[in-house]
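S.K.: Everything below, folded, please.
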Amino acid sequence: MAAKGIGDKINAMLKQQQEVAKLREFIQKAYDLGMAPRQKVDLDTFSDEEVLRLAENLKKGMPTATPVFDGAEEMEIKEMLKLADLPTSGQITLFDGRTGEQFERPVTVGYMYMLKLNHLVDDKMHAPFYRFVQLSYSATSWCKAQFGGQRFGEMEVWALEAYGAAYTATRNAYC
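M.R.: The predicted model follows:
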């Protein structure tokens, strides 16, 4: 979220045609967060054209990576969120996909949330409707390995509806 926010700020600076010096300073701040001294990048050695080219590459978001067990510290993440003008809690407002109502509290959306969405796609959306369906069971006659598999259960249909994919749910739920 912070990396995307930093990219959005860089994009805004490019659109406003900010001075290259201000752009260089902002990108330098972003790169200095959490970097070991030997890994720091000195943007003062870059020409103005190189800084603009770098900014073009970063305007959709700043690539980041962190080791699994020795990752970024909480303060580093909060500083990055602050630099991106985002709430330092790292939480955002989500809306119920069925009713459109806002949830009571802001929610932390991270990799687990995205992995949950990915799970829905990878494990549930494997196109069982391309194979014959056993009418007596309402299940496809081929296993998932042959692009068949179980039909969607109630929970899968609810999950699709919650994510606003009602058309997909009605199309695939009864295969």
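
S.K.: Which segments of this structure make up each domain?
M.R.: When the chain is parsed with automatic domain parsing, its domains come out as 2-83, 110-172.

S.K.: between those, which gets the lowest average pLDDT?
M.R.: For these, mean pLDDT drops lowest on domain 110-172, to a mean of 56.

S.K.: From one end of stretch 66-85 to the other, what's the distance?
M.R.: 22 Å (CA to CA, to the nearest Å).

S.K.: Can you identify each of the helices in this structure by residue range?
M.R.: Here the chain has its helices, by DSSP state H, at 2-15, 20-32, 48-58, 74-83, 111-119, 154-162, 166-172.

S.K.: how about JSON lines for those helices, with distance to Val41 and mean neighbour count added?
M.R.: (Glycine included, C-beta is placed from N, CA and C.) Shown next, in JSON lines, are these (distance: least, CB to CB, whole Å; neighbours: other CB atoms under 10 Å):
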{"stretch": "helix 2-15", "distance to Val41": "14", "mean neighbour count": "18"}
{"stretch": "helix 20-32", "distance to Val41": "5", "mean neighbour count": "17"}
{"stretch": "helix 48-58", "distance to Val41": "9", "mean neighbour count": "15"}
{"stretch": "helix 74-83", "distance to Val41": "16", "mean neighbour count": "16"}
{"stretch": "helix 111-119", "distance to Val41": "26", "mean neighbour count": "10"}
{"stretch": "helix 154-162", "distance to Val41": "42", "mean neighbour count": "16"}
{"stretch": "helix 166-172", "distance to Val41": "44", "mean neighbour count": "15"}
